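**Student:** no sequence on this one, just coordinates:
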Ligand code: ATP
Ligand code: MG
């Protein structure tokens, strides 16, 4: 528990000015890692601890659920509880769920989390031929139109003004008709979407003074983090919450605007001092987060921006001691990249970096799969989702019900950690992480986090028993304070906003992915640049960037991101080796031995060749029947475990097994793609398959 003065002591003079300006409008304009979020968190804590605010009357709006969870954690550490720290969406949803029965009656309609099926049905009603990319683009238009507070009729003119081109190749008038049909289909389904939550709550606040009064009595002090990415709809809701009050503190960085094509605008941040001429405006320039090397890379990226909007920023001044140089590495294909990144992470973890201090960030969520697989193979835990919904997860709820039951008969003869593990085992937890990825893995990670929390409680409170653990869980569930999952974070660049790790891998940085292929105009490309800037500035110590020449099994032809080419002399033209070379630590800033054909020793040039380890003109160096036998075995195992075959072993791994024909576990362990977990799980059976084919020599 800290005193109010101790809270202030942890801030620099400018941050302290933010913390002590507890009434009236406050605006903080500052770069990444300068302590904006720290300043507002301490501001809330200072006001609460000095008795100026009641913590329950504060609504702190953050950008992502993860950031909200982190802010609650930080406030808890500062000794303050009861503050609502939520995303705009979560805050609005909570209010809507509360007021809907009173205002409209009945329960809130079903909330759809993906628009694609509704968009596709609307397009089919209009007899439009649309593919997946078109549905994605049209869903983006639905969102843009709604967060910009436009009607479908207003869409064509506004879309032309905003230079939105022809989404899905359709004329703006056709898109406008689709927007109307989308709403009809959604209403027919009795559903509401993400934006409706904010629109409906804004509507209720505008039309029902009694509801507006109730909300304004509850929340008196507003704080908005990442304010550069606020949309017109979010701003409207904020204004309605404020109801004319000016007790609002906003912080942001225009260089980190990454949602302007989704309808957000940094203008609300930049114009705040005009809107509130009496505002306290504070600028922060010291970067406390990152080493000078990381800061230099981030500054260099923005220095090369053609657009003055991106360049209009305060240069960051690093405060931390020097660290390692950033690395840029080229890989053959996505699997090579994933295996090498996982191997590197394994080494970092073995050398003492906690897995929770490492992140792999990518442009689109679809890029996570090979990394999940490679991390599972390397025996490294990971997490895909943030902490926000931890206590809402089914496995967590089920486990808590069982733990409650067991608490009644806990006689204290066993250590708390063991008692909790025994109960968790009955809902499917085991001490070994599963080899499967996706939902199975996430379920295990949740349960494992509960086991870890039990150890933590036991360490803090010797003699603690199951009822004490349940009390801790209840308190955390109430505060939405999820236990830390000790795993590497896998996240999209968008979701990484505001967060930080010691080591950050920025992967898949090839043209088409970064900038993403649909970023065509200069402004769109600049938004991608800012997105990469957000990625780089997440790193405290070390940033590792990489790109791949081909998709798995595909032919080369990808080029490095244009942003990489600008980041260092020849940075993106480093020679590459295979994943195995990286795994052996031979890659230093991209330098590694070229991979050679197993049959003729020629240097391999394409990703596909490197994956199978031979040139396309050489015959396979393995017995095809053995390969088929391995595939059959894999299909059986995958069917039993109800997972896709590649989750057991990829084709590339099976080819390598068939080619090298290892005779023991050590031989198997040398094959890329076979990590500790897979070895334990499958070594016996794979060696058995190999053994039954031993009589038939390879070519
Ligand atoms: P972003 O723009 O990425 O959201 P930010 O400006 O919100 O960054 P914070 O996350 O608040 O930055 O701070 C970055 C890091 O620097 C955190 O680890 C924070 O604890 C640390 N930090 C900030 N201010 C100080 C300070 N005065 N003394 C020591 N550490 C600080
Ligand atoms: Mg921040």
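**Tutor:** That came through, no problem. The shown structure was predicted, so the numbers you read here are calculated from the model rather than taken from an experiment. Numbers count the residues shown, from 1 in each chain. Ligands and ions are numbered 1, 2, ... in the order given.
**Student:** mind listing what residue 519 touches?
**Tutor:** By C-beta atoms under 8 Å, 6 or more residues apart in numbering, the residues touching residue 519 are 525, 527, 528. C-beta coordinates here come from the backbone N, C-alpha and C atoms, glycine included.
**Student:** from these, pick the one nearest residue 71.
**Tutor:** Closest approach between these and residue 71, by C-beta to C-beta: residue 527, at 25.5 Å.
**Student:** among the contacts of residue 519, which one lies nearest to residue 44?
**Tutor:** Closest approach to residue 44 among these (C-beta to C-beta): residue 527, at 30.7 Å.
**Student:** now do the residue in the chain positioned nearest to ligand 1 against residue 538, distance only.
**Tutor:** When scored by C-beta to the nearest ligand atom, the chain has residue 35 as its residue closest to ligand 1, at 2.8 Å. According to C-beta to C-beta, to the nearest Å, residue 35 stands 15 Å off from residue 538.
**Student:** higher neighbour count, these two?
**Tutor:** Shown here are residue 35 and residue 538; by other C-beta atoms under 10 Å, residue 538 has more neighbours (27 against 24).
**Student:** mind listing what's buried along the helix or strand where residue 682 lies?
**Tutor:** For residue 682, the host element (DSSP states H and E) is helix 676-692. Neighbour-count burial for helix 676-692 flags 677, 678, 679, 681, 682, 683, 686, 687, 689, 690 (criterion: 16 or more other C-beta atoms under 10 Å).
**Student:** check stretch 558-566 too.
**Tutor:** Neighbour counts using 16+ other C-beta under 10 Å place 558, 560, 561, 562, 563, 564, 565 of stretch 558-566 among the buried residues.
**Student:** contacts for stretch 395-413 next, please.
**Tutor:** Against stretch 395-413 from outside (C-beta under 8 Å, 6+ apart): 390-391, 419-420, 422-424, 426-429, 443, 446-447, 450, 463, 465-467, 469-470, 473, 477.
**Student:** among the residues you listed, which lie within helices?
**Tutor:** When those are checked against helices (DSSP state H), the matches are 419-420, 422-424, 443, 446-447, 450, 466-467, 469-470, 473, 477.
**Student:** ok, which stretches of the stretch 251-400 of the chain are helices?
**Tutor:** Remark: helices assigned in the stretch 251-400 of the chain by DSSP state H, counting those that start in this stretch are 267-270, 272-275, 292-303, 308-311, 334-350, 368-377, 394-407.
**Student:** among the ones in helices among the contacts of stretch 395-413, which one has the most neighbours?
**Tutor:** Within those, residue 420 tops the neighbour count with 27 neighbours, counted by other C-beta under 10 Å.
**Student:** can you tell me which residues contact it?
**Tutor:** The neighbours of residue 420, taking C-beta under 8 Å, 6+ apart as the test, are 403, 450, 451, 454, 466, 469.
**Student:** distance to residue 53 and pLDDT for these - can I get that in CSV?
**Tutor:** Shown next, in CSV, are these (distance: C-beta to C-beta, whole Å; pLDDT from 0 to 100):
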residue, distance to residue 53, pLDDT
403, 35, 94
450, 33, 90
451, 37, 90
454, 35, 91
466, 37, 93
469, 32, 93
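**Student:** and the two most separated of those residues?
**Tutor:** Spanning the widest gap among those are 451 and 466, at 13.1 Å by C-beta to C-beta.
**Student:** by contact count, what packs against the helix or strand where residue 626 lies?
**Tutor:** Counting by DSSP H and E, the element that carries residue 626 is helix 624-641. On a contact count with 3 or more C-beta pairs under 8 Å, 6 or more residues apart in numbering; DSSP states H and E, helix 624-641 meets helix 645-648, helix 651-660, helix 676-692.
**Student:** report the mean confidence score over the longest one.
**Tutor:** Per-residue pLDDT over helix 676-692 has a mean of 88.
**Student:** who's in contact with it?
**Tutor:** Residues contacting helix 676-692 (C-beta under 8 Å, 6+ apart): 376-379, 432-433, 435, 626, 629-630, 633, 637, 648-649, 657, 661-665, 668-669.
**Student:** buried members of those residues into ChimeraX, please.
**Tutor:** Entered in ChimeraX, the line below selects the buried ones among the contacts of helix 676-692, by 16+ other C-beta under 10 Å:
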select :376,377,378,379,433,435,626,629,630,633,637,648,649,657,662,668
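**Student:** could you report the neighbour count for residue 534?
**Tutor:** The criterion is other C-beta under 10 Å. On that basis, residue 534 has 23 neighbouring residues.
**Student:** surely it meets residue 63?
**Tutor:** No: contact criterion C-beta atoms under 8 Å: residue 534 and residue 63 do not qualify, at 10.9 Å.
**Student:** which residues are common contacts for the two?
**Tutor:** Common neighbours of residue 534 and residue 63 (C-beta under 8 Å, 6+ apart) are residue 497.
**Student:** still on that earlier bit, and the helix holding residue 682, how far out from the chain middle?
**Tutor:** Chain-centre distance of helix 676-692: 34 Å, with C-alpha atoms, centre = their mean, to the nearest Å.
**Student:** circling back: can you redo the helices and strands packed on helix 624-641 as JSON lines with distance to ligand 1?
**Tutor:** Compiled in JSON lines, the helices and strands packed on helix 624-641 are given as follows (distance: least, C-beta to the nearest ligand atom, whole Å):
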{"stretch": "helix 645-648", "distance to ligand 1": "35"}
{"stretch": "helix 651-660", "distance to ligand 1": "37"}
{"stretch": "helix 676-692", "distance to ligand 1": "33"}
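**Student:** ok, which of those helices comes nearest residue 198?
**Tutor:** Judged by C-beta to C-beta, the one of the helices and strands packed on helix 624-641 that comes nearest to residue 198 is helix 645-648, at 38.2 Å.
**Student:** state the distance from the residue in the stretch 51-200 of the chain positioned nearest to ligand 2 to residue 522.
**Tutor:** Closest residue of the stretch 51-200 of the chain to ligand 2, C-beta to the ion: residue 67 (7.3 Å). Distance of residue 67 to residue 522, given as C-beta to C-beta: 29 Å.
**Student:** these two: which is more packed in?
**Tutor:** residue 67 (24 against 11).
**Student:** what's the first helix or strand after the helix or strand harbouring that one?
**Tutor:** Here residue 67 sits within helix 65-77, counting by DSSP H and E. As assigned by DSSP H and E, the chain's next helix or strand after helix 65-77 is strand 84-87.
**Student:** each with direction, which strands does that following strand pair with?
**Tutor:** Paired strands of strand 84-87, with direction, are strand 58-62 (parallel) (DSSP bridges).
**Student:** near ligand 1 at all, the strand it pairs with?
**Tutor:** No: applying C-beta under 6 Å from any ligand atom, one finds strand 58-62 out of contact with ligand 1, separated by at least 9.7 Å.
**Student:** what mean pLDDT does that strand get?
**Tutor:** For strand 58-62, mean pLDDT is 96.
**Student:** and for it, what's in contact with it?
**Tutor:** Strand 58-62 has contacts (C-beta under 8 Å, 6+ apart) with 40, 44, 47-48, 68, 71, 83-88, 91, 219-226, 238, 241, 498.
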